[in-house]
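J.: model this:
(chains A and B)
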Amino acid sequence: MTVAEASPLDLLRGHHPVGASTGYMEEIRGDWPRLAAGAAQVSSLVVEFSALSEPELEGLVSFLTRGRPLPFRYVSVHAPTKRRRVPESSLVEALSHLPGWVSAIVTHPDVVQEPSAYSRLGRRLVLENLDARAPEGQQVELERLFESLPEAGFCLDIAHAWSVDPTMQLANELLDSYRNRLRHLHVSSLDPEHRHAPLTAEHAAAYEPVLARCRDVPWVLEAPLPAS
Amino acid sequence: MTESPAGALERLAEATDASFPHLFAARERTEDALRDRRQKLSELEIDQDASVVLMGSWGRRELTGESDDDWLVILNGEERTDPRPGLDAVRGVVGDGERKPGAEGVFGVYAYSRHLAERIGLDQDDNKNLTRRMLLVLESVPAVGDDAYRKARAAVLDGYLDVSVRDFRPPRFLLNDTVRYWRTICVDFVGKERERGGEGWGLRNAKLRTSRKLLFASGLLPILECHKYTAAGMRTFLEAQLAAPPTDRVADAFLRHGAIDAGARALEAYDRFIGLLHHPPSRRSLKELSREEADESTVFAEARRIGGELEGSLLSLLFETDELRALVREFGIF
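T.: The predicted structure is shown next:
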């Protein structure tokens, strides 16, 4: 079977390591032990704990610093991008208390107001490209932030890149520009409302050449695994 | 693609706009220091069958400010009582003060190439013999006695490439011993921790995740690539591969298999590790770090992250490129 013939599930299962974002586990949101267990059902190697809403962060920091050791070998935390209330410096201060074994702290370019505030996160800070609805989440903004934050990494959200350029030329350009910054991928399809959805055959075929350039980094699923 | 991996790191850098500043600086540092040691050692009286061989970071061309001088005098002839150069004379040039070799007694002595080549396996192949042999093969450079060095390494390779080797199949004996060496390092890491009560744990752990892993890969990859050669052609291929620094061998493999993105990330991560080792406060911090303190150390967190990135890239090369995936599946486990 060629890659082009592979189902979306085959494409994902053919990569190592793949893991889950807790962001799609809406029904147990905030229950970090259950979210960790849910992610471990997908893979006990990689996880992204998603604290997209600012009030969720405190509980996550507490869970990660005081909870039982986790099985995952690559742990990412998605920093809050919604319901932001505290000053940016306070948010970064809270993020800096995440344990050292958290490899990546992902945030969106359009929520970074003062880049220097994030410099204390060093190489753990990871910036993600945004979808077509966010003009400030694109390459120009990423470039500006990477100039200010030279240690920061890059998370390629492949669905977001597709939403901007379905030919996938943008995704390739992002990889050319930020090849050595790449830390992990967000993988999913997008539904018509730009919500993350299980990977479809159409998107799997479109993504495959780009995914082939990213076989050495974890792929984080932002939606449940597609049906077989 | 050229058969020799020499220069592969430069080629990978050109193909990806990577710069690998710490690795290239370390190579220059190594060459400068080698020139100095060669000049000084050439003033000693040396038997025709003898070579002073530098190993570890010297062999990897990754000398940093506080690297140990791991050296051996390798002798190709019969055992004798007073070989030249004398060990004290060599100690006057390499391995003095803080740079003295490790405490296990592996280095700073004579080693007969016959023992390295003929004592493979069983009780006679103790930890020291295994370590000396594998380092001679995988990460060594002659300071003086180049011809004797080449003969010693050829003798060791011949010790592996015997009648059991088949055309177009990776040489099992060498493969198994290389895998054994890597697993021995991993097991001995715990042995040393127990014996030494944790002294030097952080630096050893960081090296295990990075430079030891890269060294293993730099041996494993050429051995797997032997499947392209007849038994008669393997030795020439392996000699050309092993003459290049490990980072060239690994970069070459990424280039050969069309995995240049992953290759750039692997060597970029490793480049950062060399930068850490060359930064005295970071190296000291790792050296003094205990297992209990590890989660609190930002330097160790970076070393762990580097190790993860390096491992991810190497695993993708071994398991997600068509040719190597088939070879690893067939020969890598059993």
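J.: any idea how far chain A is from residue B:130?
T.: Applying CB to the nearest CB, to the nearest Å, the value for residue B:130 to chain A is 29 Å. Yep, even glycine has a C-beta here, placed from its N, CA and C like the rest.
J.: ugh, wrong one, residue B:42
T.: Taking CB to the nearest CB, one finds residue B:42 at 41 Å from chain A.
J.: Equivalent analysis for residue B:57, please.
T.: Counting by CB to the nearest CB - residue B:57 and chain A are separated by 24 Å.
J.: and that residue, backbone torsions?
T.: Per-residue torsions, residue B:57: phi -60, psi -30 (degrees, to the nearest 10).
J.: Could you do the one 10 residues further on as well?
T.: Backbone dihedrals for residue B:67, given as degrees, to the nearest 10, come out at phi -60, psi 150.
J.: who touches the nearest residue to it once chain neighbours are set aside in this structure?
T.: In space, and not counting its chain neighbours, residue B:67 is closest to residue B:57: 4.2 Å by CB to CB, 6 or more residues apart in numbering or on different chains. Contacts for residue B:57 (CB atoms under 8 Å, 6 or more residues apart in numbering or on different chains) come out as B:26, B:30, B:63-64, B:67-68, B:70, B:211.
J.: Contact partners for the closest residue to residue A:50 other than its chain neighbours?
T.: Spatially, and ignoring its direct neighbours in sequence, residue A:50 is nearest to residue A:23 (3.4 Å; CB to CB, 6+ apart). Counting by CB under 8 Å, 6+ apart, residue A:23 touches A:48, A:50, A:52, A:78, A:196, A:222.
J.: which of the contacts of residue B:57 count as buried?
T.: Among the contacts of residue B:57, those scoring as buried are B:26, B:30, B:63-64, B:67-68, B:70, B:211 (criterion: 16 or more other CB atoms under 10 Å in any protein chain shown).
J.: Looking at residue 183 now. What's its pLDDT?
T.: Went with chain A since none was named. Note on residue A:183: pLDDT of 97.
J.: actually it's chain B I care about, not the one you picked
T.: 98.
J.: So it belongs to a helix, correct?
T.: Yes - counting by DSSP: H, G, I helix; E, B strand; the rest coil, residue B:183 is part of a helix.
J.: Next one: it from residue B:199, what distance?
T.: 23 Å (CB to CB, to the nearest Å).
J.: Around chain B, pick out the residues from chain A.
T.: For chain A, the residues in contact with chain B (CB under 8 Å from any CB of the partner chain) are A:14-17, A:73-74, A:99-101, A:103, A:122-123, A:175, A:179-180, A:182-183, A:213-218.
J.: what pairs with the residue nearest to the spatial centre of chain A across the strands?
T.: Nearest to the mean C-alpha position of chain A, counting by CA atoms, centre = their mean, stands residue A:186 at 4.7 Å. Residue A:186 has these beta-bridge partners by DSSP bridges: residue A:157, residue A:220.
J.: who's in contact with it?
T.: Here residue A:186 is in contact with A:21, A:128, A:155-160, A:220, A:222 (criterion: CB under 8 Å, 6+ apart).
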